[in-house]
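>>> The sequence isn't on hand, but the structure is:
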């Protein structure tokens, strides 16, 4: 018999985050979880204030609150949506059965390392597809229009 995967609840996601980061804030309400904490991807990196917003059955949204992300002169920020959220993975690589603490936060640290390298060299070494080829939503089709609106203003730069 095959075991059915079950989406992790908001409370379970919050407990997992707080177990790993007890000093960090997490706001939990019936429809969303907002986790705000600091992250220093390497010992040579800056310390960033990161905010993760999660709504059930949707891809977590990650924003860098401080310091502000800054582009290189004449270039746009790679792998950042127009709403300021980070593009951390391809469509379908994250699912609600996964824990944010084991996926989204490590992917955010990796994104920040690649951002710092890009700032210094002008080359993005993080891989991926930019602009994304599919909306980053795992929500029902009713939410597909909302997810597809999360595109980059630089999508025409192909």
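Sure thing, it's come through. These figures come from a predicted structure and were not determined experimentally. Residues are numbered from 1 along each chain as shown.

>>> check which helix or strand covers the residue nearest to residue 24 when sequence neighbours are not counted.
In space, residue 24 comes closest to residue 37 once its chain neighbours are excluded; the distance is 3.6 Å by Cβ to Cβ, 6 or more residues apart in numbering. For glycine as for every other residue, the C-beta is placed from the backbone atoms N, C-alpha and C. Secondary structure from DSSP states H and E places residue 37 in strand 32-39.

>>> same thing with residue 18?
Under the criterion of DSSP H and E, residue 18 resides in helix 10-20.

>>> pLDDT of that helix, averaged?
Per-residue pLDDT values over helix 10-20 give a mean of 94.

>>> Sheet-wise, list the partners of the helix or strand following the strand holding residue 37 with their directions.
Secondary structure here is assigned by DSSP H and E; on that basis, the next helix or strand after strand 32-39 toward the C-terminus is strand 48-55. In the sheet containing strand 48-55, its partner strands are strand 32-39 (antiparallel), strand 61-66 (antiparallel), by DSSP bridges.

>>> Let me have those in TSV, adding mean neighbour count, mean pLDDT and distance to residue 107 as columns.
As requested, these are exported to TSV (neighbours: other Cβ atoms under 10 Å; pLDDT from 0 to 100; distance: least, Cβ to Cβ, whole Å):
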stretch	mean neighbour count	mean pLDDT	distance to residue 107
strand 32-39	17	96	11
strand 61-66	18	98	8
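
>>> closest one to residue 118 among the ones you listed?
Comparison of the strands paired with strand 48-55 against residue 118 by Cβ to Cβ identifies strand 61-66 as nearest, at 13.7 Å.

>>> In terms of secondary structure, what does the helix or strand following the closest one contact?
Next in sequence after strand 61-66, counting helices and strands by DSSP H and E, comes helix 104-121. The helices and strands touching helix 104-121, judged by 3 or more Cβ pairs under 8 Å, 6 or more residues apart in numbering; DSSP states H and E, are strand 32-39, strand 48-55, strand 61-66.
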